[in-house]
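*Asks:* Kindly return the folded structure for what I paste below:
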Amino acid sequence: MNNTVRRAKLMTETAVAAALSAMLVLLKLVFPLLVVVTMWCSAVPIAIISSFYGMRWGLFCCAAEIALVNMLGGPQIGLTTAFYAAALGLAMGYGFLKNLSYWKTFALVFIAYVTEMSYKIIFSIYVLGIADALSASVERLEKILTWIWTPFANFFHADPNALSKSGLMVTILIFLLDACVYAYLNLEIGITVRKRLKDAARF
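*Replies:* Okay, here's the model as predicted:
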């Protein structure tokens, strides 16, 4: 395979992966409950490109995915959730590319998730200016945390206020557990898809 054909093949596969990742991100706009599919699978196409062809092509895939989501879904999703797929995809792809152990790759994806979600919250509030839109979500989150924390607080004789020091510690713990769950799900799906693609390439 000469360089021109190989480059065309890489560009085509990268474009397909970017489009697939963008489609998975945009599912949350079609039906909000499909956000779980976005959170589980949108990073996988980017990880596959990064692991098969290197981080440079992974970065091209990320740029295309972010551009597509911005054009089709607008900046509120294109500059937040699209970066989720990019960050986790690059972290997972790097782990695959370097043949890192399962737990080292898991740690990379976990760190990428925590970093991206922190960026998403700060960017949404201070750059996109949607603090009012987020306030309702924050209130709902506080109610959920209060519902979860109050029985434990009564049992351990702690402050039942969800925004107390102990309540905030529980919030952080829930966030970290959430990061572990999504890192695990993304990694398991990524490993399965990568293995099947490698098996298919042998035939």
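*Asks:* Averaged pLDDT, the helix or strand where residue 182 lies. What do you get?
*Replies:* When elements are defined using DSSP states H and E, residue 182 is found to belong to helix 165-201. Helix 165-201 carries an average pLDDT of 85.
*Asks:* repeat for stretch 43-57
*Replies:* If you average the pLDDT values across stretch 43-57, you get 95.
*Asks:* And for stretch 25-37?
*Replies:* Looking at stretch 25-37 alone, the average pLDDT works out to 84.
*Asks:* hmm, back to that, check which helices and strands the helix holding residue 182 is in contact with.
*Replies:* helix 35-41, helix 44-53, helix 81-97, helix 102-126, helix 131-156 (3 or more Cβ pairs under 8 Å, 6 or more residues apart in numbering; DSSP states H and E). Yep, even glycine has a C-beta here, placed from its N, CA and C like the rest.
*Asks:* Between helix 165-201 and the fourth one, find me the angle.
*Replies:* Spelled out, it's helix 102-126. 120 degrees (axes from the mean of the first three to the mean of the last three Cα atoms, to 10 degrees).
*Asks:* Check the offset of helix 102-126 from the chain's centre.
*Replies:* Its chain's C-alpha centre lies 8 Å from the corresponding centre of helix 102-126 when counted by Cα atoms, centre = their mean, to the nearest Å.
*Asks:* Which other helices and strands does that helix contact?
*Replies:* Helices and strands in packing contact with helix 102-126 are listed as helix 81-97, helix 131-156, helix 165-201; criterion 3+ Cβ pairs under 8 Å, 6+ apart.
*Asks:* quick one, the helix holding residue 182 and helix 44-53 angle?
*Replies:* Regarding helix 165-201 and helix 44-53, their directions subtend 50 degrees when assessed with the same axes, to 10 degrees.
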